[in-house]
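Engineer: Turn this into a model:
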Amino acid sequence: MDDWDALKSELLNDPATREAYDARRPAYEIASKLLRLRAELGLSQRQLAARAHMTQPEIARLESGQVQPSWETIARVLAAVDARIDIKVRDATGKLLTLSVLPGQAAQRPRTARHSQSA
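Structural biologist: Below you'll find the predicted structure:
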């Protein structure tokens with residue numbers, strides 16, 4: 001276990017900290033996956049932003065986990081790198097279902113000024 005893991009474990013022993021962390025977990029997980037994907041493709045934040053018709057600060061906010069991205073934003077970023085979205089859920093019987101979504105052309109169009117402020 002490295003220093004980060006030890007610190008994280010210690011901090012998460014506090015119930016209030018654990019609750020706050022769990023509430024933000026989806027944003028952190030999305031951020032982690034987007035960051036890893038961008039790094040694997042060898043793209044800078046600026047390059048990804050240009051492909052996704054976004055700004056570099058918007059990509060940075062997504063990767064920080066500090067924003068809850070909309071479905072439109074996630075689709076836009078993934079369409080920019082020709083990736084698809086796989087959603088895995090369990091039904092009431094426990095059977096695993098996978099839904100694959102290709103973001104499509106709409107996600108690749110430049111946003112209007114009205115939509116350019118949200119991440």
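
Engineer: Name the residue closest to the centre of this structure, please.
Structural biologist: For the chain, I30 is the residue whose C-alpha lies nearest the centre (CA atoms, centre = their mean; 2.9 Å).

Engineer: and the gap between that residue and E10?
Structural biologist: 25 Å (CB to CB, to the nearest Å). All C-beta spots, glycine's among them, are computed from the backbone N, C-alpha and C.

Engineer: what does Y21 give?
Structural biologist: From Y21 to E10 the distance is 12 Å (CB to CB).

Engineer: Over to L41?
Structural biologist: Counting by CB to CB, the separation of L41 from E10 is 35 Å.

Engineer: pretty sure K88 contacts S100?
Structural biologist: No - contact between K88 and S100 fails when scored by CB atoms under 8 Å: they sit 10.0 Å apart.

Engineer: Spell out the residue ranges of the helices in the protein.
Structural biologist: 3-11, 15-40, 45-51, 56-64, 71-80 (DSSP state H).

Engineer: could you dump the ones you listed to JSON lines with distance to G94 and mean pLDDT?
Structural biologist: What follows is those, written out as JSON lines (distance: least, CB to CB, whole Å; pLDDT from 0 to 100):
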{"stretch": "helix 3-11", "distance to G94": "30", "mean pLDDT": "86"}
{"stretch": "helix 15-40", "distance to G94": "21", "mean pLDDT": "90"}
{"stretch": "helix 45-51", "distance to G94": "37", "mean pLDDT": "97"}
{"stretch": "helix 56-64", "distance to G94": "32", "mean pLDDT": "95"}
{"stretch": "helix 71-80", "distance to G94": "26", "mean pLDDT": "91"}
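
Engineer: on that earlier part again, out of L41 and E10, which sits in the busier spot?
Structural biologist: Shown here are L41 and E10; by other CB atoms under 10 Å, L41 has more neighbours (14 against 10).

Engineer: Enumerate every residue touching the residue lying closest to the more buried one once chain neighbours are set aside.
Structural biologist: Distances taken as CB to CB, 6 or more residues apart in numbering place V81 nearest to L41, at 5.9 Å, with adjacent residues excluded. Contact analysis of V81 by CB atoms under 8 Å, 6 or more residues apart in numbering lists L37, R38, L41, L43, L48, R51.
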